[in-house]
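Novice: Curious how this folds, go ahead:
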Amino acid sequence: MNLLPIISGLLLTASFPPFSISCLSLSGFVPLLFSIKDRSAKDSFRIGYIAGITHYLTLLYWIPYPITRYGSIPLYLSIAPYLLLCMYLSTFFAIFCWLCRLREEPAIILYPSYWVVLEFIRSKILTGFPWCLLGYTQFKNIHIIQIADITGIYGISWFIVMINVVIYHLAKKKMRIMDIAMAGIALLCIYGYGIYRLEQPFKGKQIKAAIIQGNIDQSIKWDPYYQNKTIKTYMDLTRSCYKYKPSLIVWPETAVPFYFQDGGRLADIIWNVPKESGASLLFGSPAYMKTGKGFRYYNRAYLISCGHPLYFYDKVHLVPFGEYIPLRKILFFLNRLAPAAGDFSPAHKIEPLKCDHISVGVMICFEAIFPEIARNHVRNGANLLVNISNDAWFGKTSAPYQHLAMSIFRAIENRRSLIRATNTGISAFIDPYGRIIKRGGLYNRQALISEVKLINQYMSFYTIYGDVLVYAAFLIIILIIVGGRLWQR
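Specialist: Have a look, this model is predicted:
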């Protein structure tokens, strides 16, 4: 049995949080390249699929946890969507290996282009699932990841695959001077840019902000009996921050476990926070809108402040099987997964919430893994990014660590400070360079205070132009493959 694809899949998994052995991703593809050497396209597809299924089964092992615990669904049924998702994602590994066999020798430019185009496609089709793209393994390598403000996350993925191709050649003792030179130049340029960028200050107003991590048990969160206790928990933590005079206080996604828009005694308590503190309050709450056909429900973020209207942002990109059930008539047995209000509807407007000098680009839950959402917020005037989430769904698994690592890149790509407020953790303040300034613990009840910078004028190359690297990679594939075939003829 060929163990190389399995080894490759496991090495790649170990390069993501919580293990975060990022150097493994710099050689994780090497066993895979050896395993498809001299193989047919069909065999290479199968080998790639084995590597992919090994990787995703170990990377996404946490998926059945929320389905079983909070959906009251038997384990054997919760495993089904987990396996289907892993099988689907593994096809991209398989296609990559199949494409690699179109040329006899690994190409230092072509192979990375294959990979980033496939990653980009994965982030778009079937609503997209760009969870743990290869580039995220480098979230701790602060100098390397600065290039993301030009290339986005896909540029980091491209670089990692290129390094793997070079290591593969060296391991074969078939040194190609041109490839080594190109990789060396790329490394020097990327690292040098990182040094340069980290020395360039960003101008902007400094404000104090507070994150309130309530650590509310997900199993009782929507029980009306516990609503008073939940709000009291958040209010006690919030009032403990008043002495620091924050300008912005952030509660997590659906921190308010009732319809805030309906008003009432508990809603009045929340309305009093800006009056008591002098700060704006950003928080999550479910919402609804009556239509001719019934009701539409939304996952909403509100921003309230003294002397200003009520602003809100409705989530645009919903979580399949968490906030809505795709193919509901077929998958009727999964209906119980949709929490609280039932089936949420997506909004279609990405616009920051503005109050005085603060313009907040809100990303709710896993919207933080979609670069275009943060990018559109900044293009529309956001001088601060905020990710509110409820990672209690994941339990004490690797998912909260993975979620935090991915959100870091939204700060770098757009050069904005990012506040991440979650119910159970991991909450954090992230600066425009992707450095974690302060972070909370997992399953801790706490309030975090830090200064954040509001950046108004600066727009990064990535913010303005987006994923031009991916389009360039696609063009490279066309030119090399089609051009090569024409040259042979």
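
Novice: contacts and neighbour counts: CA atoms only from here.
Specialist: Fine.

Novice: Show the end-to-end separation of stretch 234-247, please.
Specialist: 17 Å (C-alpha to C-alpha, to the nearest Å).

Novice: I'd like the distance from that stretch to the chain centre, please.
Specialist: In this view, stretch 234-247 has its centroid 28 Å away from the chain centroid, taken as C-alpha atoms, centre = their mean, to the nearest Å.

Novice: Stretch 269-288 now?
Specialist: In terms of C-alpha atoms, centre = their mean, the centre of stretch 269-288 is set 26 Å apart from its chain centre.

Novice: any residues touching that stretch, and which ones?
Specialist: Stretch 269-288 is contacted from outside by 239, 242, 245-261, 295-306, 341, 355, 388, using C-alpha atoms under 8 Å, 6 or more residues apart in numbering.

Novice: Sketch out the helices for the stretch 1-150 of the chain, chain order is fine.
Specialist: Using DSSP state H, counting those that start in this stretch, the helices of the stretch 1-150 of the chain run over 4-14, 30-35, 41-59, 64-69, 75-100, 110-122, 148-151.

Novice: Return the member of those helices having the minimum mean pLDDT.
Specialist: Looking at these, the lowest mean pLDDT belongs to helix 64-69 (a mean of 80).

Novice: If you count contacts, what does it end up packed against?
Specialist: With contacts taken as 3 or more C-alpha pairs under 8 Å, 6 or more residues apart in numbering; DSSP states H and E, helix 64-69 sits against helix 75-100.

Novice: in the helix it packs on, what counts as buried?
Specialist: Under the neighbour-count criterion of 16 or more other C-alpha atoms under 10 Å, helix 75-100 has 78-79, 82-83, 85-100 buried.

Novice: cool, and stretch 297-305?
Specialist: Tyr297, Tyr298, Asn299, Arg300, Ala301, Tyr302, Leu303, Ile304, Ser305.

Novice: Those residues in strands, which ones?
Specialist: Tyr297, Tyr298, Asn299, Arg300, Ala301, Tyr302, Leu303, Ile304 (DSSP state E).

Novice: So the fourth one sits against Asp314, correct?
Specialist: Yes: here Arg300 lies in contact with Asp314, judged by C-alpha atoms under 8 Å, at a distance of 4.4 Å.

Novice: where are the low-confidence patches of this protein?
Specialist: 1, 70-72, 104-106, 321-342, 483-489 (pLDDT under 70).

Novice: Quickly list the domain ranges of it.
Specialist: Domains of the chain are assigned by automatic domain parsing as 4-199+468-488, 205-458.

Novice: So what's the gap between the last one and the chain middle?
Specialist: Taking C-alpha atoms, centre = their mean, one finds the center of domain 205-458 at 15 Å from the center of the full chain.

Novice: got the contact list for the spatially most central residue of the chain?
Specialist: What sits nearest the mean C-alpha location of the chain, by C-alpha atoms, centre = their mean, is Ile369, with 2.2 Å. Applying C-alpha under 8 Å, 6+ apart, one finds that Ile369 lies in contact with Pro130, Trp131, His403, Met406, Ser407.

Novice: just Leu102 next, same as before
Specialist: Per C-alpha under 8 Å, 6+ apart, neighbours of Leu102: Ala41.

Novice: how near is it to Met175?
Specialist: From Leu102 to Met175 the distance is 21 Å (C-alpha to C-alpha).

Novice: repeat for Cys365
Specialist: Using C-alpha to C-alpha, Cys365 is found at 46 Å from Met175.

Novice: Looking at the two, which has the bigger crowd around it?
Specialist: Cys365 (23 against 14; other C-alpha atoms under 10 Å).

Novice: In CSV, list the C-alpha atoms belonging to stretch 127-138.
Specialist: Backbone C-alpha positions of stretch 127-138 (Å, rounded to 0.1, in the frame of the first residue of the first chain) are rendered in CSV as follows:
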residue,chain,number,x,y,z
THR,A,127,-22.0,28.7,-1.7
GLY,A,128,-18.3,28.3,-1.1
PHE,A,129,-16.3,26.7,1.7
PRO,A,130,-12.8,28.2,1.8
TRP,A,131,-12.1,26.8,5.3
CYS,A,132,-8.4,26.4,6.0
LEU,A,133,-6.9,27.2,2.6
LEU,A,134,-3.3,26.3,2.4
GLY,A,135,-2.0,29.8,3.0
TYR,A,136,-3.6,30.0,6.5
THR,A,137,-0.9,27.7,7.8
GLN,A,138,1.5,30.6,7.8
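
Novice: follow-up on the earlier one: pick the one among the ones in strands among the buried residues of stretch 297-305 closest to Ser44.
Specialist: Within these, proximity to Ser44 (C-alpha to C-alpha) peaks at Asn299, which comes in at 43.0 Å.

Novice: The closest one reaches His317, doesn't it?
Specialist: No: look at Asn299 against His317 with C-alpha under 8 Å: they stay out of range, at 10.0 Å.

Novice: Am I right that Lys438 is in a strand?
Specialist: Yes: remark: Lys438 belongs to a strand, assigned using DSSP: H, G, I helix; E, B strand; the rest coil.

Novice: Could I get the full set of strands for this protein?
Specialist: Using DSSP E, strands in the chain cover 205-213, 248-250, 280-291, 294-304, 311-314, 353-355, 358-364, 384-389, 418-422, 428-430, 436-439, 446-454.

Novice: Now do the same contact list for Leu353.
Specialist: So Leu353 contacts Leu303, Tyr311, Phe312, Tyr313, Ser359, Val360, Gly361, Val362, Ala382 (C-alpha under 8 Å, 6+ apart).

Novice: Correction: the previous question concerned Ser450.
Specialist: Lys208, Ala209, Ala210, Phe429, Ile437, Lys438.

Novice: quick one: which of those residues is most hemmed in?
Specialist: Ala210 (28 neighbours).

Novice: residue ranges for the helices of the stretch 251-400 of the chain, please.
Specialist: Counting by DSSP H, counting those that start in this stretch, the helices of the stretch 251-400 of the chain are 265-277, 371-379, 399-414.

Novice: Surely His143 touches Ile195?
Specialist: Yes: the criterion here is C-alpha under 8 Å, and His143 meets it with Ile195 at 6.2 Å.

Novice: how many neighbours does Lys453 have?
Specialist: So Lys453, with other C-alpha under 10 Å, has 20 neighbours.

Novice: okay, how far is it across stretch 441-458, tip to tip?
Specialist: 32 Å.

Novice: buried sites along it?
Specialist: Buried residues in stretch 441-458 (16+ other C-alpha under 10 Å): 442-456.

Novice: And those, which two are furthest apart?
Specialist: Going by C-alpha to C-alpha, the pair spanning the buried residues of stretch 441-458 furthest: Tyr443 and Asn456, at 34.2 Å.

Novice: Distance to Trp271 for the strands of the chain - can I get that in JSON lines?
Specialist: Formatted as JSON lines, those follow (distance: least, C-alpha to C-alpha, whole Å):
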{"stretch": "strand 205-213", "distance to Trp271": "16"}
{"stretch": "strand 248-250", "distance to Trp271": "13"}
{"stretch": "strand 280-291", "distance to Trp271": "9"}
{"stretch": "strand 294-304", "distance to Trp271": "7"}
{"stretch": "strand 311-314", "distance to Trp271": "13"}
{"stretch": "strand 353-355", "distance to Trp271": "15"}
{"stretch": "strand 358-364", "distance to Trp271": "19"}
{"stretch": "strand 384-389", "distance to Trp271": "19"}
{"stretch": "strand 418-422", "distance to Trp271": "20"}
{"stretch": "strand 428-430", "distance to Trp271": "25"}
{"stretch": "strand 436-439", "distance to Trp271": "27"}
{"stretch": "strand 446-454", "distance to Trp271": "19"}
